[in-house]
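> sequence first, then the predicted structure, then my questions.
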Amino acid sequence: MDGDLALIFGFILAIVMLVLPFAYFINQRVQEHEERKLELKARAEEAKAEQLRFSNGDYSRMEERVRVLERIATDSNHALASQIEELRDLREIEDHTAPRERAR
């Protein structure tokens, strides 16, 4: 009977030695997959936030700048310099207000 128990114990030990590394490998793959899913969700949330930011008003400011730049490109009159200065002033104002908006 002791020989049979040793054989059974050896057989179970061999099975465990084969299954544990396989289970470890599968567990690692599942963890990597979950991390990747979380990263993709975070990127999707960032993209949604960026879209909301543009839809809330940044897009209209950008559109206004493009209109001014189109006028600058097509018109060559004396008002060109003043329009460029207006754009610079707008940029300075936005640079000063941007840190406050991020803090909110």
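Good, I have the coordinates.
> find the centremost residue of this structure, please.
The residue lying closest to the centre of the chain (Cα atoms, centre = their mean) is Arg43, at 3.1 Å.
> distance check, it against Ala49.
According to Cβ to Cβ, to the nearest Å, Arg43 stands 11 Å off from Ala49. Glycine gets a C-beta too; all of them are placed from N, C-alpha and C.
> now swap in Arg71 and tell me
Plainly put, Arg71 is 32 Å away from Ala49 if you go by Cβ to Cβ.
> try Glu39
Distance, Glu39 to Ala49, using Cβ to Cβ: 16 Å.
> please apply the same query to Ile93.
Here the distance between Ile93 and Ala49 works out to 23 Å (Cβ to Cβ).
> same thing with Phe9?
If you measure Phe9 against Ala49 using Cβ to Cβ, the figure is 59 Å.
> could you do Glu70 as well?
Between Glu70 and Ala49 the distance is 29 Å, computed by Cβ to Cβ.
> now do Asp75
Between Asp75 and Ala49 the distance, using Cβ to Cβ, works out to 37 Å.
> and the nearest residue to Ile84 once chain neighbours are set aside, which helix or strand is it part of?
Taking Cβ to Cβ, 6 or more residues apart in numbering, and ignoring the residues beside it in sequence, Ile84 has Ile72 as its nearest neighbour in space, at 7.0 Å. With secondary structure defined by DSSP states H and E, Ile72 is part of helix 59-74.
> and that helix, what does it pack onto?
Using 3 or more Cβ pairs under 8 Å, 6 or more residues apart in numbering; DSSP states H and E as the contact test, the elements touching helix 59-74 are helix 79-103.
> and the helix it packs on, average pLDDT?
Helix 79-103 comes out with an average pLDDT of 70.
> stretch 35-54 now?
pLDDT averaged over stretch 35-54 gives 90.
> OK, contacts around Met62?
In this structure, Met62 makes contact with Phe54, judged by Cβ atoms under 8 Å, 6 or more residues apart in numbering.
> any idea how far it is from His33?
Relative to His33, Met62 is positioned 38 Å away (criterion: Cβ to Cβ).
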